[in-house]
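> I would like the atomic coordinates for the input below:
(chains A and B, ligands or ions: 2)
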2 protein chains.
Amino acid sequence: MTNEWVVATYQVPDDGDLRKKAESIAVGLTVGTWTDLPAARRAELEPYKGVVVDIRRGQVAADRSRVAHLAIGYPVRNLRADIPSLLTTVFGKLSMDGRIRLIDLKLPDAFVRAFPGPRLGIAGVRQRLGVWGRPLLMSIFKSCIGLSLAELHEQFVAQVEGGVDLVKDDEIFFVDDRAPVFERIALFREALDAHEAKTGRRVLYAVNLTGPVDELVDRAREAVRQGATALLLNVLPYGYDILQRLREDPDIAVPILAHPALAGALYASPHHGIAAPIVLGTLMRLAGADLVLFPSPYGTVPLDAAKAFALRDRLVEPFAGLAPAFPVPSAGIHPGMVPRLLADFGLDHVVNAGGGIHGHPDGPRGGGEAFVAAIEAAVAGVPLEEQAKTCPALDKALAKWGVVA
Amino acid sequence: MTNEWVVATYQVPDDGDLRKKAESIAVGLTVGTWTDLPAARRAELEPYKGVVVDIRRGQVAADRSRVAHLAIGYPVRNLRADIPSLLTTVFGKLSMDGRIRLIDLKLPDAFVRAFPGPRLGIAGVRQRLGVWGRPLLMSIFKSCIGLSLAELHEQFVAQVEGGVDLVKDDEIFFVDDRAPVFERIALFREALDAHEAKTGRRVLYAVNLTGPVDELVDRAREAVRQGATALLLNVLPYGYDILQRLREDPDIAVPILAHPALAGALYASPHHGIAAPIVLGTLMRLAGADLVLFPSPYGTVPLDAAKAFALRDRLVEPFAGLAPAFPVPSAGIHPGMVPRLLADFGLDHVVNAGGGIHGHPDGPRGGGEAFVAAIEAAVAGVPLEEQAKTCPALDKALAKWGVVA
Ligand SMILES: [Mg+2]
Ligand SMILES: [Mg+2]
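Ligands and ions are numbered 1, 2, ... in the order given. The predicted structure follows:
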């Protein structure tokens, strides 16, 4: 990986001596000093020195103010193939350097290939489910905290019978005394196996993985041994690296769903932090998420469409041979949104519904049924209103939420 | 810990129905729904439900715009005593809720006591060093990347002989093929032991802890077994939880220095993210950092004084019995700053110098000597100019950098 560069692009104020600023980043985050080094030391350190790749004035920030872009190349030889090494180098100290935002990250193929990427990816998850040619359907518990195992089981079965492909825990479900994780896994696995025996349909349950970070690999292994079929991880609160280590363990061969908790604290500002497509796209895929949840462009507090689509692209576009990951745009999803979702995210995404399932007039079974019908129609190019004529559940959903063009 | 609340305060736009917004946070991040629940379910879930503690309109943000503050109480029973649980709950999904910033976090004593806090803290680190009654002095390598073990050793010895109490690796030092971590530990430990035998002065070397996050506890244990006297950790890139796990391991009984890499991505925006005193104060201390580096209010890109002092307070003020941690305000520090540092941070802080040591006209030995003299003078209330008359190294430093009133 010598003579190759990780190129990070920063958005900074469009003023002052940008060449000098860029040089100081390139040197400061690699060899420390340069101009005052003797020639012999320079020759020795040259291969480790960062370089200024590009300086562009007169760019425009998300809030329409005028900014500049600085692209800095970091020698790949300075980095390990892990996210702590990458983030500490390109946006560690620099994140505290006033008004500066990391907006792009270009990685050489050989460096990308040193990361695991998704274990199963889109194709592997489809194979687990035996589902091709349509988006997947996922639902979330209406709530988890404080409920008993029996209450959660009831919610779970209703969701499964509604026809979803995946059910996930609440990401805030840390204290589960009333429904301990291994009891959930065992009981829900029974329900899933029974459902499969009856219908031939396989469904996955993503259990929230919690505990001390240095025990998560062992806990995940044990969860899989006890029948877990998927894992949910709060990647940012735990740190990206544990995602990579879960991915790399051969015994944890189930899909990993990356929850975006805390991501807004990094991506939401126009002038600081890190762009969402890097936080939830590039880095999640490198480290090995199979499915990545992110705010849809449709909710009450949307990620704007351009960013959501850039994020989607980072998950699915060719990336040095890494498997693609499923985009899971979340919030504001009801059955009438499905044609729009299909237009925006294509066949390879996950329709993720909370309120759109549980808020259905007939409850989660009706909600699931409505979504299944909507997905079938949208993929076939049949108008939802047409499909609703033969599916009362969809009809009720459209009456409640309408159809989004 | 029942009937106790973690109270998080958010800065949000001062518009719309704030009562409704606050209620929706209190419910949404705990039991999910409330108004549509039957009475029996409400009675069952009441102990898990968040509450609105306070709503204040007409507040002022860092950029002087008008904002509101919402204080929400989360039942402690929903939380585990770890940072992923705490952050996911109070600022997971919520971080993506538009313009919102986490600005304060009040924790009940019993919850705080369930965290380890610093193992050694200020008193324990002082005891290791045998140094009381003055700030400590730390220096950093001029650079690490690409240098051979012999070159780093030379830098190391010069810093130690200059009179510093601690020397730390560069936080970006991940690839160390030319000076592998266990070789550095062994060789530098020899130098430290020799220095102590000669002078009676103990010095600590904080080695950068890197590698897969689930192996860091083992690597740290091995480092200590091989003679490491302190550890440097990029807490945010690795995730806070591994700091807590390093702290809790009884075999890793050395000070842990928390580097603030990546922190600016969380704290720097006026309207998003998390305030610096939480990111680098409260959470670092809970998880167990003994020393916390943060941008000083004096550098070219300062943390403003109010925030730096609030951060300092979170590290040192009484906190349910947790040991206090050393504030390490960094950047812009030269010998002429020491009286100002003492006035701002008191006896219990660490004077952390990079350029102020290596940029001394006589090199790092002179730099160290100048700082030692400056600290001695400042603590005794002797003007630096006076002290400089009997210390040529300090005289040269003051000639180069001046004295800051
Ligand atoms: Mg939820
Ligand atoms: Mg440095």
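
> how far away is the residue of the stretch 101-250 of chain A found nearest chain B from B:Leu236?
Nearest residue of the stretch 101-250 of chain A to chain B, counting by CB to the nearest CB: A:Gly239, 2.4 Å away. Quick note: C-beta positions are derived from backbone N, CA and C, even for glycine. Note on A:Gly239: its distance to B:Leu236, by CB to CB, to the nearest Å, is 8 Å.

> where along the stretch 151-300 of chain A do the strands fall?
Using DSSP state E, counting those that start in this stretch, the strands of the stretch 151-300 of chain A run over A:166-168, A:204-208, A:230-234, A:256-259, A:273-274, A:291-295.

> tell me which of these lies nearest to A:Gln11.
Nearest of the strands of the stretch 151-300 of chain A to A:Gln11, taken as CB to CB: strand A:273-274 at 10.3 Å.

> returning to what we had before: for the closest residue to the residue of the stretch 101-250 of chain A closest to chain B other than its chain neighbours, give me its contacts.
Spatial nearest neighbour of A:Gly239, chain neighbours left out: B:Gly239 (2.4 Å); criterion: CB to CB, 6 or more residues apart in numbering or on different chains. Applying CB atoms under 8 Å, 6 or more residues apart in numbering or on different chains, we find B:Gly239 in contact with A:213, A:237-242, B:83-84, B:213.

> can you rerun that using 7 Å?
Going by CB atoms under 7 Å, 6 or more residues apart in numbering or on different chains, B:Gly239 touches A:213, A:238-239, A:242, B:213.

> any idea how far it is from B:Pro327?
22 Å.

> and for A:Gly381?
Taking CB to CB, one finds A:Gly381 at 64 Å from B:Pro327.

> same check, this time on A:Asp97
20 Å.

> the two - which one has more neighbours?
The neighbour count for A:Asp97 versus B:Pro327, taken as other CB atoms under 10 Å in any protein chain shown, is higher for B:Pro327 (30 against 20).

> state the helix or strand in which the more buried one lies.
Assessed by DSSP states H and E, B:Pro327 sits inside strand B:326-330.

> what's the next secondary structure element after that strand?
In N-to-C order, the element after strand B:326-330 by DSSP H and E is helix B:338-345.

> what residues sit buried inside that next one?
Neighbour counts over helix B:338-345 (16 or more other CB atoms under 10 Å in any protein chain shown) mark B:338-342, B:344-345 as buried.

> near chain A at all, the helix or strand just after it?
Using DSSP H and E, the helix or strand that follows helix B:338-345 in sequence is strand B:350-353. No: Strand B:350-353 does not reach chain A (CB under 7 Å from any CB of the partner chain); its nearest approach is 13.1 Å.

> domains in chain A, by residue range?
A:5-112, A:121-401 (automatic domain parsing).

> most tightly surrounded among the ones you listed?
domain A:121-401 (a mean of 21; mean count of other CB atoms under 10 Å in any protein chain shown).

> what is the mean pLDDT for it?
Over the span of domain A:121-401, the pLDDT mean works out to 96.

> gap between the two ends of that domain?
Distance between the two ends of domain A:121-401: 32 Å, counting by CA to CA, to the nearest Å.

> TSV for the domains of chain A, including distance to B:Tyr74?
Shown next, in TSV, are the domains of chain A (distance: least, CB to CB, whole Å):
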stretch	distance to B:Tyr74
domain A:5-112	28
domain A:121-401	9
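
> closest to B:Leu266 out of these?
domain A:121-401 (5.3 Å).

> circling back: phi, psi of the residue nearest to A:Gly239?
Main-chain torsions, B:Gly239, degrees, to the nearest 10: phi 100, psi 140.

> so A:Pro339 touches A:Ala378, yeah?
Yes: at 4.6 Å, A:Pro339 and A:Ala378 qualify as touching, with contact defined as CB atoms under 7 Å.

> tell me the centre residue of chain A?
Centroid-nearest residue in chain A, with CA atoms, centre = their mean: A:Val292, separated by 2.4 Å.

> tell me the bridge partners for that residue.
Beta-bridge partners for A:Val292, by DSSP bridges, are A:Ala258, A:Pro327.

> contacts only, for it.
A:258, A:280, A:284, A:315, A:325, A:327-328.

> residue numbers of the stretch 251-400 of chain A in contact with chain B?
A:260-266, A:268-269, A:271-274, A:295, A:301.

> of those, which pair is most distant in space?
Once CB to CB is applied, these give A:Ala261 and A:His271 as the farthest pair, at 23.0 Å.

> make sure A:Arg42 is indeed in a helix.
Yes: counting by DSSP: H, G, I helix; E, B strand; the rest coil, A:Arg42 is part of a helix.

> which residue, other than its chain neighbours, is closest to it?
Distance criterion CB to CB, 6+ apart; nearest residue to A:Arg42, sequence neighbours excluded, is A:Trp34 at 7.2 Å.

> tell me the secondary structure for A:Ile375?
helix.

> that one reaches A:Val131, doesn't it?
No: the criterion here is CB under 7 Å, and A:Ile375 misses it with A:Val131 at 10.3 Å.

> can you show me the strands along the stretch 1-150 of chain A?
Secondary structure of the stretch 1-150 of chain A (DSSP E, counting those that start in this stretch): strands at A:5-13, A:51-60, A:66-75, A:101-106, A:136-140.

> of these, which is nearest chain B?
Closest to chain B of those, according to CB to the nearest CB: strand A:101-106, at 7.5 Å.

> would you mind writing the CA trace of the closest one as CSV?
Output of strand A:101-106 as CSV, limited to C-alpha atoms (Å, rounded to 0.1, in the frame of the first residue of the first chain):
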residue,chain,number,x,y,z
ARG,A,101,-15.9,19.8,8.6
LEU,A,102,-14.8,16.6,7.1
ILE,A,103,-16.9,16.3,3.9
ASP,A,104,-15.3,13.6,1.8
LEU,A,105,-13.0,10.6,2.2
LYS,A,106,-11.4,8.8,-0.7
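
> note down every partner strand of it and its orientation.
Neighbouring strands of strand A:101-106 in its sheet, by DSSP bridges, are strand A:5-13 (antiparallel), strand A:273-274 (parallel).

> for A:Arg184, which of the ones you listed is the nearest?
A:Arg184 lies closest to strand A:273-274 among the strands paired with strand A:101-106, at 33.9 Å (CB to CB).

> my understanding was that A:Gly264 contacts B:Ser95; is that so?
Yes: between A:Gly264 and B:Ser95 there is a contact under CB under 7 Å: 3.4 Å.

> and the helices in the stretch 1-150 of chain A?
All helices of the stretch 1-150 of chain A, identified by DSSP state H, counting those that start in this stretch, fall at A:18-28, A:39-45, A:83-91, A:109-113, A:121-129, A:149-162.

> hmm, who's touching the shortest one?
Spelled out, it's helix A:109-113. Helix A:109-113 has contacts (CB under 7 Å, 6+ apart) with A:1, A:4, A:6, A:76, A:81, A:286, A:319-322.

> which two in the residues you listed are spaced the farthest apart?
Maximum distance among these (CB to CB): 17.6 Å, for A:Val6 and A:Gly321.

> and the closest residue to chain B within the stretch 301-405 of chain A, what does it touch?
Residue nearest to chain B within the stretch 301-405 of chain A (CB to the nearest CB): A:Val301, separated by 4.5 Å. Counting by CB under 7 Å, 6+ apart, A:Val301 touches A:295, B:96-98.
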